[in-house]
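# I would like the atomic coordinates for the input below:
(chains A and B)
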2 protein chains.
Amino acid sequence: MSNAVFYHAGCPVCLGAEQMLVDALDQNKYTLESVHLGTHPNRIEAAEASGVISVPALVMDDQVFHINFGAALADLKS
Amino acid sequence: MSNAVFYHAGCPVCLGAEQMLVDALDQNKYTLESVHLGTHPNRIEAAEASGVISVPALVMDDQVFHINFGAALADLKS
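Residues are numbered from 1 along each chain as shown, chains lettered A, B, ... in the order given. Sure thing, here's the model as predicted:
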């Protein structure tokens, strides 16, 4: 069982991507954790360290997948 | 069973995204078709009609998810 972390900021683009992942991800293989960086800014640093540049993004097996574009991580920091 | 179409152009970014999808997609729910637009340029028009702007991209339930960035669709047309 691997852990997949979905970083988002509550934006419409983010919610669309999240719904896709909830629907499509093989939940026998992956546990999906959804992290709202707007309400949990303390997680921004770890997201950045994983290579996340914008949200929505999925971090899975040490790889980052930016899915469409909602907001830049830099804009969530201010 | 829904159909998911993954459009790519054989680029390293594309292959990384494809491997993630092959690993993570719930194959009890989705059949994944992988289309190489470099070798199958006749599929570019349909990709574009689905809203694909760049590859790699996943089209699923009429929604387009651009996953990272490998190449612009426009650059595959020439």
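# how about the strands in chain A?
Using DSSP state E, the strands of chain A run over A:2-8, A:30-36, A:54-60, A:63-72.
# so can I have JSON lines of those strands showing mean pLDDT, mean neighbour count and distance to chain B?
Using the backbone N, CA and C atoms, a C-beta is placed for each residue, glycine as well. What follows is these, written out as JSON lines (pLDDT from 0 to 100; neighbours: other Cβ atoms under 10 Å in any protein chain shown; distance: least, Cβ to the nearest Cβ, whole Å):
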{"stretch": "strand A:2-8", "mean pLDDT": "95", "mean neighbour count": "19", "distance to chain B": "7"}
{"stretch": "strand A:30-36", "mean pLDDT": "96", "mean neighbour count": "15", "distance to chain B": "6"}
{"stretch": "strand A:54-60", "mean pLDDT": "97", "mean neighbour count": "24", "distance to chain B": "6"}
{"stretch": "strand A:63-72", "mean pLDDT": "96", "mean neighbour count": "19", "distance to chain B": "5"}
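# could those strands go into a markdown table alongside distance to residue B:37?
Formatted as a markdown table, the strands of chain A follow (distance: least, Cβ to Cβ, whole Å):
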| stretch | distance to residue B:37 |
| --- | --- |
| strand A:2-8 | 27 |
| strand A:30-36 | 28 |
| strand A:54-60 | 23 |
| strand A:63-72 | 19 |
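# State which helix of chain A is the longest.
helix A:12-24 (DSSP state H).
# Check which residues of it are buried.
Buried residues in helix A:12-24, counting neighbours by 16 or more other Cβ atoms under 10 Å in any protein chain shown, are found at A:13-14, A:16-18, A:20-21, A:24.
# Next, the angle from that helix to strand B:2-8.
Going by axes from the mean of the first three to the mean of the last three Cα atoms, to 10 degrees, helix A:12-24 is angled at 120 degrees with respect to strand B:2-8.
# So which elements touch helix A:12-24?
strand A:2-8, strand A:30-36, strand A:54-60, strand A:63-72, strand B:63-72 (3 or more Cβ pairs under 8 Å, 6 or more residues apart in numbering or on different chains; DSSP states H and E).
# doesn't residue A:40 make contact with residue A:9?
No. Taking contacts as Cβ atoms under 8 Å, residue A:9 lies outside contact range of residue A:40: 10.2 Å.
# Identify the residues contacting stretch A:46-61?
The contact list for stretch A:46-61 (Cβ atoms under 8 Å, 6 or more residues apart in numbering or on different chains) reads A:2, A:4-9, A:11, A:13-14, A:17-18, A:21, A:30, A:35, A:37, A:62, A:64-73, A:76, B:20, B:23-24.
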